[in-house]
Structure formats: C-alpha cells, structure tokens
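Peer 1: Show me the folded form of this:
(2 chains)
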Amino acid sequence: MTSLNHEIVNGALVLKPSRRIDSSSAKAFEDDAAALLDKGPKKVVIDATDLDYISSAGLRVILTTAKKAKSAGGGLTIACAKNNVKEVLAVSGFDNIFGLHDSVAQAISALA
Amino acid sequence: MDAAAGAEHRLALLEAELASVKAEFDDLNLLYQATIEHGEAVEDQLAEANLALQTTQKRLSEELTEAVNYIFSILPEPRKAAPRTDWLLVPSTELGGDSFGYHEIDADHMAFYLLDVCGHGVGAALLSVTAINVLRSAALPNTDFRDPGAVLSALNDAFPMERQNNMYFTIWYGVLKRSTGELRYASGGHPPSVLRKADGSVQTLSTPGIAIGMLEGMSYRAVHCMIGDGDCLHLVSDGTYEVETAPGEMLEFEAFVERLSRSESPGEVLDWVRGLNGPGPLPDDFSLLTVRF
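Peer 2: Sure thing, here's the model as predicted:
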C-alpha cells in the first residue's frame, strides 16, 4: 500500500504529494511512485497543488521517477506548482525539461 | 545421663548442620571465585575490544580529517590583486559536496566556478573534488574552457549519473575576458550568481539547464554581461540560503539576494543566515565565493 495520493486519469498516473518532498519524505515518494509505475501506467503527472516545498532530495526523486517513466516509453510533467515550488523548479532547470502546466488536464494532454 | 546423652545428640546434629553449611559456603565461595574470574576475563576482553574500536575510530577520523584537509587544500587562496576574491565554505557534515575555484585560463581570460554535488559525505566529496580538478587542469577533450556552454556540455558528457553512483552536480561557471570586461557564464541546475554593479543595481545571472549528469546529451549555452570596475559578483550554492526562518517557512531567495548584495564579507552573510536558522548546524553546506572587480 502506498501513502502517496494518486489516481489514474485518462491512463496517466497523477501523483499528488502533500506539503513537502524533502530528504525525510523523498525515499517514500520514490518507492511509492515506482510501485505505482510497476502496475503499468507510463505517463506521470505530478500534481503540485498541495506541495509547499521541494528540496534537492525531492528533485532527485522526481528525476528518478521521470527516468523510470521514460524508460517504459512514457514521460513525466508537472502541474499546478505554487510560486515558491516553481522557483525551485526554475533554478533546477526542471521547468524546461519536464514542463509546467496550470492544470492536470493540460498536463495530461501535453504528455499525449 | 539422659540429659547428657540428649545434649551430645544435639551437638552431633549441630555439627552435622555446621558441616553442611560449611560445604554449602565452600561451594558458593568457589562459584563466587569463578564468577569473579569470569567477570575479570570478560572485562579484559571488553577493554581489548574497546581499545581496538578506539584505534579504528581514531584512524577513520584521521582519514576523514585528511580528506577535509585535501578538499580545503585544493580551494584557491583568496586573491589580493584585482579581481579580489573572498570565500567561505562551511560543510554541514564533516564532508560536503560543495567546492569552487577560480584560475587564469590565459593572459586575458579568468574562470570562476562553484559546484554542488547532490548529497553529503565521502562519496559526494570525491565527485566534487574530481570535477574541480577536471576544471582546474582543463581536462576535458576538445573543449574550449573559455566557452562556459562548451564546458558544461562536456562535463555533462563526462559525468553521467549512471556512471557516478547516481550522483550529479549543479554548477555555475563564468569566464571574464579582462581586456573587454565581458563575462560569459552558464549554469546547470544551480542558483543564480548575484552581481551588484558599482551603481548599486543588482542582477541575478543564470541560464536554463539542469544539473550536470542528470540527462545525457544535454547542451548548455552561455550568455554574457558586462563587468565594470567596482562591480561585485557572488557565487553561491542552494545550501547557502535554504534555511527555515520559521517552522515550514523557507527563506525567500529575493530576501537572500537583497542581504547578500549589500554584504561586505562572506562571514557577515554566514552570521545572518545562522541567525535566521537558529541554533544548531545549518541543514546544508554553506558556500559563498565573492569576486570584487
């Protein structure tokens, strides 16, 4: 069982982490995301609506999740990031690589 | 006589009882001695193990100190001549993943760089010093070290995370052409450097691009700006400003830039960040390289 909020929307796995992904929660996110991807979905949307903070450890597990999705023939993108999370994603260059979207629906269609 | 016989009988009984108590005492005494001896033997063994542990621990800590000494030994001396430099590196644990450097590429070009390997500890420190030594000795094939975009692209080819124990690093790399004052720079997943112009205006310098080693085949491109006399450039790592100002409240980068841009020395910035962080060590490496032109 995973504690990570998730749902399948139009075949895409939508992950909705709460509050923080930092060094203390990153491993659980990574494991949960990997277990969910093993069930078959190839496209991943990170719904960052509830995310207040992401540390470099958090970026790392987004990357490993993205690589896993990509090696399965899919991809990963990010939706609904708040300003301070957007800032971290911009500094890390993740905004350009994975894309930022204003809604989960837009994110899913961007992966199609 | 009956009374005498009775007394003798009681005496005999008492003597027998005494003998049995004495035998019991002897047994207990033997057991006691054996326990003491065993205890002493265990104590000796423990002392020996403890000594061996202390020796190992001492050797390990000496080796870690050696590693720390090595890292600090490859960091350049502050420059007294223009451009003057001043820096501060405070690892959050004994060994961190931050390192930096600056050197003259040729008579007209000078490079400044700061990098941050994900994570801490010996592994991160090893990759950090390897990358710094590669930059310092210009040890990348067919790479013009005066072109920051080319340097970052070549580093990305040379250090894919899959071949570096899943480690990667963020970097800011800039090259000043002294004859013209042109600063070309590129960054990969790294916080912007902060430039305070002589007129007091402040710019943040960064380029889009992710950390070195994350994704194969990335190409990085440099941009440029002009540097004049009296300008001041600060290179930082994210650990330098990622502190909580209140539970769950991270220091805003803008607030950090504002304070950094009017600082006189790296020590002053460290004191300010420590003040915000409260007691205890900072959560990540603090590194700050200041260049005054």
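Peer 1: For residue A:106, list the residues it contacts.
Peer 2: Contacts were defined as CB atoms under 8 Å, 6 or more residues apart in numbering or on different chains; by that measure residue A:106 touches residue A:79. Heads up, the C-betas are built off the backbone N, CA and C, glycines and all.
Peer 1: With residue B:156 instead?
Peer 2: B:188, B:212, B:213, B:215, B:216, B:218, B:220.
Peer 1: Please check these and keep the buried ones.
Peer 2: Neighbour counting with 16 or more other CB atoms under 10 Å in any protein chain shown marks B:188, B:212, B:213, B:215, B:218, B:220 as buried within these.
Peer 1: Of the residues you listed, which are in range of chain A?
Peer 2: The subset of those within reach of chain A, by CB under 8 Å from any CB of the partner chain, is B:188, B:215.
Peer 1: between the buried ones among the contacts of residue B:156, which is closest to residue B:58?
Peer 2: residue B:213 (35.4 Å; CB to CB).
Peer 1: Hmm, residue B:165 and that closest one touching each other?
Peer 2: No - between residue B:213 and residue B:165 there is no contact under CB atoms under 8 Å: 10.6 Å.
Peer 1: Excluding chain neighbours, give the residue nearest to the closest residue to chain A within the stretch 151-293 of chain B in space.
Peer 2: The stretch 151-293 of chain B approaches chain A most closely through residue B:210 (3.7 Å), counting by CB to the nearest CB. Nearest in space to residue B:210, with sequence neighbours left out and distances taken as CB to CB, 6 or more residues apart in numbering or on different chains, is residue A:93 at 3.7 Å.
Peer 1: In contact with that neighbour, which residues are there?
Peer 2: B:188, B:189, B:208, B:209, B:210, B:211.
Peer 1: Tell me the secondary structure at the third one.
Peer 2: Which is residue B:208. Three-state call for residue B:208 (DSSP: H, G, I helix; E, B strand; the rest coil): coil.
Peer 1: ok, the closest residue to it other than its chain neighbours - contacts?
Peer 2: Counting by CB to CB, 6+ apart, residue B:208 lies nearest to residue A:96, which is 5.0 Å off, once chain neighbours are set aside. The contact partners of residue A:96, taken as CB under 8 Å, 6+ apart, are B:208, B:209, B:210.
Peer 1: next helix or strand past the strand or helix carrying residue B:103?
Peer 2: Using DSSP states H and E, residue B:103 sits within strand B:98-104. Downstream of strand B:98-104, the next assigned helix or strand under DSSP H and E is strand B:109-117.
Peer 1: Name the helix or strand of chain B that has the lowest mean pLDDT.
Peer 2: Scoring the helices and strands of chain B by mean pLDDT, DSSP states H and E places strand B:249-250 at the bottom, with a mean of 84.
Peer 1: Give me the sheet partners of it and which way each runs.
Peer 2: With DSSP bridges as the test, strand B:249-250 is paired with strand B:244-246 (antiparallel).
Peer 1: For the strand it pairs with, which residues meet the burial criterion?
Peer 2: So for strand B:244-246, nothing qualifies as buried (16+ other CB under 10 Å).
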